[in-house]
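In: Sequence and predicted structure below; questions after.
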Amino acid sequence: MNLIELHHIRKYFATQKAVDDISFQIEEGSIFGLLGPNGAGKTTLLRMITGIFYPDNGEINFHGKKFDPLNDAGNIGYMPEERGLYKKMKIGEQALYLAQLKGLSKADASARVKEWFIKFEMESWWNKKVEDLSKGMSQKLQFVTTVLHNPKLIILDEPFSGLDPVNANLIKEEIFKLAKSGSTIIFSTHRMEQVEEICDHIILLNKGKKILDGTVNQVKQDFKENIYRLGANVLPEHLMTHIFEVVKHQPDQLLLKLNEGTTTNNLLNYFISQDVTINSFNEVLPSLNDVFIKLVEGTTNARAFQQI
Amino acid sequence: MNKIGLVIGREYFSRVKKKSFLLTTILVPIVIIAFYAIIIAITIKGGSEKRTVAILDEAGLFNDSVQTKDKSASYHLIKNETEASYIKKYKDAGYEAFLYVPKFEPSDVNAKPKMVLHSQSSISLSTSGDVEKLVNKSIEDKRLQAQGIDPAKYKSIAADVDIENTIDTKEGGKKSVAGVAYAVSFACGMLIYMMMIIYGTQVMRGVTEEKTNRIAEVIISSVKPFELMMGKILGIGAVGLTQFAIWIILIFGMQLALPLIFPDMLQQLNDSASAGGKAAMAAEVAQGLSSLPLLKIGASFLFYFLGGYLTYASLFAAVGSVVSEDQNEAQQLIFPILMPIILGFVIMTKAINDPNSSLAVFGSLFPLTSPIVMMGRITYDIPLWQMGLSMALLIGCFLFFTWITGKIYRTGILMYGKKPSWKEMMKWAFKKS
């Protein structure tokens, strides 16, 4: 079942078509990657999903019903890209306050905050102020306040920026756990290696339009260029054949691009006939980074102001 | 609705729990009381330094010595000098000033002697006034004697009438004291003026802080922007009321406690009040206060403080939502908001003296100035229709401003980068949501 469905969402600003006719669905319990270069319209789209902005056009359905920002707010946790916390407020009180704003009772909020603080080893922070925290620490706090109320939909905009590998891993583990327990996660980032590791499904935005939509594997399959890696102990010096082209030649490894109309069996037969002892052979799929660059490259980097 | 309560609570407690709140709230009345105490102490002890004035009397105005009741100055007659020669000496002789009285006939009614008061730096008004009084009295005495009138007899003839103003109410006549009514009006107007600016700018800074910290984005995903804005305004307003309440309690408490702490003080006060001075004055102030409709003043003060604060706070919130960290941007936008507040203060000072002038009536009806100006008229009898219209206009203005600024706030709080122009803000304000 789809947790959230967007139908032809459009949001124009005075000089920008920030989001231009975007539709997609997110399945419940999945981790969804929202990708795009700077200024592609990701934040605007996320703000519409959190109810901060109203779309000019189109419809958002949440849990099978029309999205109602006021009543559904308690089911959404949003961690914006630019972190926001009250600097002068005590950390424990702040977490309680944000949880209560999401509709938890004071007793519930207090219990949850304590539970998460213990989980993240933050108990000693309770009476400190946010201004006393390092960037990574406040990041952890922000993550906790986002997921405290156990929302159905968690929106994370660049959640790992500024975190060291240990803390990044801690949060990554939590994201997986939350997804496993049924929460749906929208994950927005430029860091493609994280997307490949975490996300099930991605869409790519550019200039306010959706230019790619699919599961990570599907996207990789769609953009593959028939490149294979072949490892062998001894490789012949000269390889002259119409079956493939050599992309990269290393002493014990070859990167080969299969020509049209040939299969991997043709390729393997060729090497066997050359009496090469093969010890590894696998397909090389493009990384999301490659796909991203291929799709976005060439379009003007920063968006120009346009007349609407 | 529950959520706006949470916002109000946070705004309120995060301020009230701060040490600086406690400090200013408690320190301000202490400073006021200490100020009182110092003034009283100085008046009891009398002037610290005596002014010394040398007089070269060529007209024989003063006989052998200068008789004066003025304790703050001493006058000495100089002999065997001329004006030109003594000008060089009086400073070294320890005199602050030197009065030259040329030769003339004091008993001649048409004499116009040219007297000069020499000093090293410009002399204070009170000194020159005292000297003038001294000289005039001496000349008058000489003239009285020349006419054959006994100065003591003349003094007993001179009239000195006090006219007392009684306000006739249903409960009977009450003695009114103009000075007390004036002071109460001015204090109320001044307080509203200060509180509107102090708490208004607090609202503005709070909004800007939320915007630049990006916390607004997190909160607006769970609370309506309007609720966040109103929560902040109401929370800070409650802080203001709390501060008032503490001040009132403290000031009354201190005034009760002061005589217990310094039992001598009252005694001294009574002693020095020989010529019907301080004690009589205190009684008069108390009488003046009791003649005022205190309940009406208190209720109106509360209404106009809240009305004025709420009206302006929403404007300050809108300004806070459109500016970024740059303080200069805020300064530019605050200016048009401060203008009517300052204007109100100016009209208020006029309204105290002339409460039924057309300017005062206009100022107390126009909702941007009425919270302050009405305080200037509050001790007088204001026609019921004016009071009602003024209150209705203020409430209407508050509702209208909140509606408009709520829209500016909603857009501004999520906009980063360039400050929007007036035109853009107007567009946000009147855009249909």
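Out: Yep, that arrived.
In: Could you report the neighbour count for the residue in the stretch 151-300 of chain A positioned nearest to chain B?
Out: Nearest to chain B, among the residues of the stretch 151-300 of chain A, is A:Ile155, at 8.6 Å (C-beta to the nearest C-beta). (Glycine included, C-beta is placed from N, CA and C.) As a burial measure, A:Ile155 scores 24 neighbours (other C-beta atoms under 10 Å in any protein chain shown).
In: Quick check: it is in a helix.
Out: No. Secondary structure of A:Ile155 (DSSP: H, G, I helix; E, B strand; the rest coil): strand, not part of a helix.
In: mind listing what it touches?
Out: Applying C-beta atoms under 8 Å, 6 or more residues apart in numbering or on different chains to A:Ile155 gives the contacts A:Leu46, A:Ile49, A:Thr50, A:Ile76, A:Gly77, A:Tyr78, A:Met79, A:Ile185, A:Ile186, A:Ser188.
In: Looking at the residues you listed, which are in helices?
Out: A:Leu46, A:Ile49 (DSSP state H).
In: Restricted to strands, list the contacts of A:Ile155.
Out: A:Ile76, A:Gly77, A:Tyr78, A:Met79, A:Ile185, A:Ile186, A:Ser188 (DSSP state E).
In: near chain B too, which of the contacts of A:Ile155?
Out: Filtering those for neighbours of chain B using C-beta under 8 Å from any C-beta of the partner chain leaves A:Thr50, A:Ile76, A:Tyr78, A:Met79.
In: Export those residues to CSV and append columns for pLDDT.
Out: As requested, those are arranged in CSV below (pLDDT from 0 to 100):
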residue, pLDDT
A:Thr50, 86
A:Ile76, 89
A:Tyr78, 89
A:Met79, 89
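In: Which one of those residues is nearest to A:Ile243?
Out: Checking those against A:Ile243 by C-beta to C-beta gives A:Met79 as the nearest, at 50.4 Å.
In: okay, now A:Phe120: neighbour count?
Out: 18.
In: Give me the local confidence score for the residue nearest to it when sequence neighbours are not counted.
Out: In space, and not counting its chain neighbours, A:Phe120 is closest to A:Lys140: 5.7 Å by C-beta to C-beta, 6 or more residues apart in numbering or on different chains. At A:Lys140, the pLDDT value in this model is 87.
In: Looking at the stretch 51-200 of chain A, what residue ends up closest to chain B?
Out: Closest approach of the stretch 51-200 of chain A to chain B (C-beta to the nearest C-beta) occurs at A:Gly84, with a separation of 3.5 Å.
In: Any idea how many residues pack against the closest residue to B:Asp354 other than its chain neighbours?
Out: Leaving aside its chain neighbours, B:Asp354 sits nearest to B:Ala360 (6.2 Å; criterion: C-beta to C-beta, 6+ apart). For B:Ala360, the neighbour count with other C-beta under 10 Å is 23.
In: and B:Ala360, what does it touch?
Out: The contact partners of B:Ala360, by C-beta under 8 Å, 6+ apart, come to B:Ile347, B:Lys350, B:Ala351, B:Asp354, B:Val373, B:Gly376, B:Arg377.
In: Lowest-confidence one in the residues you listed?
Out: B:Asp354 (85).
In: From A:Asn127, how far off is it?
Out: Separation of B:Asp354 from A:Asn127 (C-beta to C-beta, to the nearest Å) stands at 57 Å.
In: what does B:Gly60 give?
Out: For B:Gly60, the distance to A:Asn127 (C-beta to C-beta) stands at 84 Å.
In: what do you get for A:Lys180?
Out: In this view, A:Lys180 and A:Asn127 are 34 Å apart by C-beta to C-beta.
In: Would you agree B:Pro110 falls within a helix?
Out: Rather than Pro, residue B:110 is Asn. No. Counting by three-state DSSP, B:Asn110 falls outside a helix, being coil.
In: that older thread, which single one of the ones next to chain B among the contacts of A:Ile155 is nearest to A:Asn266?
Out: Closest to A:Asn266, out of all of these and judged by C-beta to C-beta, is A:Met79, at 50.6 Å.
In: any idea how far the closest one lies from B:Leu399?
Out: Distance from A:Met79 to B:Leu399, by C-beta to C-beta: 36 Å.
In: how about the closest residue to A:Thr215 other than its chain neighbours, what does it touch?
Out: Sequence neighbours aside, A:His201 is the residue nearest to A:Thr215 in space, at 5.2 Å (criterion: C-beta to C-beta, 6+ apart). If you count contacts by C-beta under 8 Å, 6+ apart, A:His201 has them with A:Ile26, A:Glu27, A:Ser30, A:Ile31, A:Phe32, A:Gly33, A:Gly214, A:Thr215, A:Val216.
In: quick one: which of the residues you listed sit in strands?
Out: Those of the contacts of A:His201 lying in strands (DSSP E): A:Ile26, A:Glu27, A:Ile31, A:Phe32, A:Gly33, A:Gly214, A:Thr215.
In: Looking at the first one now. What's its pLDDT?
Out: A:Ile26 carries a pLDDT value of 91.
In: swap in the one 4 residues further on?
Out: Predicted confidence (pLDDT) at A:Ser30: the value is 90.
In: Counting neighbours, what do you get for residue 14?
Out: You didn't say which chain, so I picked chain A. Neighbour count for A:Ala14, taken as other C-beta under 10 Å: 8.
In: other chain: chain B
Out: If you count neighbours by other C-beta under 10 Å, B:Ser14 ends up with 20.
In: What strand or helix carries it?
Out: Assigned by DSSP states H and E, B:Ser14 belongs to helix B:2-16.
In: same deal with A:Phe143?
Out: A:Phe143 belongs to helix A:135-147, assigned by DSSP H and E.
In: what angle sits between that helix and strand A:184-189?
Out: Helix A:135-147 and strand A:184-189 are oriented at 150 degrees to each other (axes from the mean of the first three to the mean of the last three C-alpha atoms, to 10 degrees).
In: Give me the contacts around helix A:135-147.
Out: With contact meaning C-beta under 8 Å, 6+ apart, helix A:135-147 is reached by A:77-79, A:83-85, A:91, A:94-95, A:98-99, A:113, A:116-117, A:120, A:122, A:125, A:130, A:133, A:154, A:156, A:159, A:161-164, A:167, A:170-171, A:174, A:178, A:183, B:218.
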